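**Q** Need a 3D model of the sequence below.
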Amino acid sequence: MLTNRASGLYRIHLGAQIGTVVAFFTALHAAFNWLNPWPSLLQRSPYTGYLLIVVVSLVGEGLTRPERLRWMIELSRRNLRRVSLRQFVATVLGLSVFLVCTQDHRISRAFFSIFILGVLPLYHAMNYLYPAKLLKLLLQIFKKKQVNMLVIEDRKAMDFFEGKIKTGIYPGMSVSGYLTQKTPEFCNGAPPRHWLGTLDTLEQVTGEHSIQQIVMPSLCFDPAVGRKLRAFCESKGIRLVLINDAPQRLGCRLTMTDIGGMEILSPRSEPLEDPLNQSIKRFADIVFATVVLILIFPFTTLFAWLCHRAQSPGPLFFTQERTGRGGGTFRILKYRTLHANNQEEARQVTAGDERVFSLGRFMRKTSLDEIPQFINVLRGEMSLVGPRPHLPEHDIKFADISANYFVRNFVKPGITGLAQVKGYRGETRTRAQVRNRTRWDLIYLERWTPALDIWIVLKTVVQVLRPPKAAF
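**A** Numbering: from 1, shown residues only. The predicted structure is shown next:
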């Protein structure tokens, strides 16, 4: 009941949005054809097909929207704007693909443009206004269908549901109190707030409070007690809901996967463990690296050689051991930007570092020194996008600062990464910088998509053309 009502609120909101967009589309079409009889408005032209594409695009976005963006009543303004943008992109993409495939010349370009320009603010308005309005309506509907809930053992779960009920996530619910397996310690002779007794009084309490739903943590009970409680609920016609309290016990969110009939819980999602995703990413790496090494690498190599001849004679390339996927090591390739015979290669380069010659500083600022790493990409040691690889000794140092630092090693290191385009590029001077770099690297690991890689590459190109202050 809990999950059905919460997900139902989401579907009602999506349905209300679709209805409003259909009304907007129809009204706009009527405005463009106001001289024609009403029955012919959507019949004499292919506008019905465009309307259907809009509806399908909204439904598709709603079905693929991440769970964290579905509970509209609790979303921040930033996330509400993100949802509106997702819907707008889905709509524009759907209409554009349909227009290109049909090569339709009958649709009014003015109509098409006005609809596209008007639908984004419409989505914004609906996402801001509809959740509260729909919630108020649902609370009125469910007011006469109040469901009394009893929580077993977990006082924190009771407080959680009370808060959710107040915000309207679970309309029509009411928490009567909670039971425990043993009698808790009384404070000043008074029982804890909302405590109704022990499991021995279960039948009495459910009768007195007209309990219709019981909620219990799944990892709290002996199996025999759990089976007995389930049998009791079914014999009395009471719904039983189990809370997965493993995230609270482990202190992190978990993802669930069904493998061969067994439900597997993991602290994080890893899209790049999917062999298909790995193949897509590897194919993109090979294609991109091959193009760069054929078209760009010869010219940057000549430029680096001339820079060395002019200011710092010595080896063209600089190689250094770095940590790769799974904690293994490899030799990373770069154009040398430090003076030759440098005895402090393990020390991080800082702003104004005397070891860097002036043209080497230019190569570092524009990321030209990274071009040879496409050879590492072609070898399979690196990827185009991923967490930046560090020296093994730096990894040990950073791991002391960020407890989950080594999780970065679940994926291949990259020439560029999400942390870099988010502003954490160059020298790592503070503990906060280490933690923030790690945080963005883990976000990349958990939310990887081909679109995210493309976005990071485009942002990197912008930073190459307009280097940030952190680049030196």
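**Q** And residue 85, how far from residue 124?
**A** Distance, residue 85 to residue 124, by CB to CB, to the nearest Å: 9 Å. Heads up, the C-betas are built off the backbone N, CA and C, glycines and all.
**Q** Kindly report the same for residue 234.
**A** Taken as CB to CB, the span from residue 234 to residue 124 is 47 Å.
**Q** of the two, who's got more company?
**A** A direct count of neighbours by other CB atoms under 10 Å for residue 234 and residue 124 places residue 124 higher, at 17 against 11.
**Q** Which residues are in contact with residue 58?
**A** 14, 17-18, 21, 87, 90-91 (CB atoms under 8 Å, 6 or more residues apart in numbering).
**Q** Please enumerate the strands of the stretch 51-200 of the chain.
**A** 147-152, 173-180, 195-198 (DSSP state E, counting those that start in this stretch).
**Q** and the closest residue to residue 416 other than its chain neighbours, how many neighbours?
**A** In space, not counting the residues next to it along the chain, residue 416 is nearest to residue 460; the distance is 4.3 Å by CB to CB, 6 or more residues apart in numbering. Residue 460 has 21 neighbours, counted by other CB under 10 Å.
**Q** that older thread, quick check: which of the strands of the stretch 51-200 of the chain is buried the most?
**A** Burial of the strands of the stretch 51-200 of the chain is given as mean neighbour count (mean count of other CB atoms under 10 Å); strand 147-152 ranks first at a mean of 22.
**Q** for that strand, what is the average pLDDT?
**A** Here strand 147-152 scores 78 as its mean pLDDT.
**Q** can you check stretch 456-466 too?
**A** pLDDT averaged over stretch 456-466 gives 88.
**Q** least trustworthy helix or strand in this protein by mean pLDDT?
**A** helix 155-167 (a mean of 62; mean pLDDT, DSSP states H and E).
**Q** Which residue ranges make up each domain of this protein?
**A** 2-142, 146-267, 275-465 (automatic domain parsing).
**Q** Show me what the longest helix seen in the chain is packed up against.
**A** Counting residues, the longest helix found in the chain (DSSP state H) is helix 109-142. With contacts defined as 3 or more CB pairs under 8 Å, 6 or more residues apart in numbering; DSSP states H and E, the packing partners of helix 109-142 are helix 2-32, helix 77-102.
**Q** What angle do helix 2-32 and the shortest one make with each other?
**A** With axes from the mean of the first three to the mean of the last three CA atoms, to 10 degrees applied, the angle from helix 77-102 to helix 2-32 works out at 50 degrees.
**Q** what's the angle between helix 77-102 and helix 109-142?
**A** Going by the same axes, to 10 degrees, helix 77-102 makes 130 degrees with helix 109-142.
**Q** and if you look at the longest one?
**A** Taking the same axes, to 10 degrees, one finds that helix 2-32 is oriented at 140 degrees with respect to helix 109-142.
**Q** Which neighbours in the sheet does the helix or strand encompassing residue 415 have, and how are they oriented?
**A** With elements taken from DSSP states H and E, the one containing residue 415 is strand 414-416. Applying DSSP bridges, strand 414-416 is found paired with strand 383-385 (parallel).
**Q** could you give me the average pLDDT of the strand it pairs with?
**A** Mean predicted confidence for strand 383-385 is 94.
**Q** Same question for stretch 293-304.
**A** pLDDT averaged over stretch 293-304 gives 93.
**Q** again, but for stretch 408-418
**A** Mean pLDDT, computed over stretch 408-418, is 91.
**Q** just to revisit the earlier point, using TSV, lay out the helices and strands packed on helix 109-142 together with mean neighbour count and distance to residue 209.
**A** Listed next are those as TSV, based on neighbours: other CB atoms under 10 Å; distance: least, CB to CB, whole Å:
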stretch	mean neighbour count	distance to residue 209
helix 2-32	15	18
helix 77-102	16	37
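**Q** Where among those is average confidence lowest?
**A** helix 2-32 (a mean of 78).
**Q** For residue 123, the count of nearby residues, please.
**A** 23.
**Q** dump the residue contacts of it.
**A** The contact partners of residue 123, by CB under 8 Å, 6+ apart, come to 17, 83-84, 87-88.
**Q** Report the contact partners of the residue nearest to it when sequence neighbours are not counted.
**A** Excluding its sequence neighbours, the residue lying closest to residue 123 (CB to CB, 6+ apart) is residue 84, at 4.2 Å. With contacts defined as CB under 8 Å, 6+ apart, residue 84 is in contact with 120, 123-124, 127.
**Q** roughly how far apart are residue 84 and residue 50?
**A** Distance from residue 84 to residue 50, by CB to CB: 20 Å.
**Q** before we move on, what about residue 119?
**A** 12 Å.
**Q** Is it correct that residue 300 is in contact with residue 371?
**A** Yes: taking CB atoms under 8 Å as the definition, residue 300 is a contact partner of residue 371 at 4.7 Å.
**Q** Would you mind grabbing the residues shared as contacts by the two?
**A** residue 335.
**Q** of these two, who's got more company?
**A** residue 371 (22 against 17).
**Q** pLDDT wise, what is that one at?
**A** pLDDT, residue 371: 92.
**Q** burial of residue 108, as a residue count?
**A** When neighbours are counted by other CB under 10 Å, residue 108 comes out with 15.
**Q** who touches it in this structure?
**A** Residues near residue 108 by CB under 8 Å, 6+ apart: residue 32.
**Q** Ramachandran coordinates for it?
**A** When read as degrees, to the nearest 10, the backbone of residue 108 gives phi -70, psi 120.
**Q** That'll do, ta.
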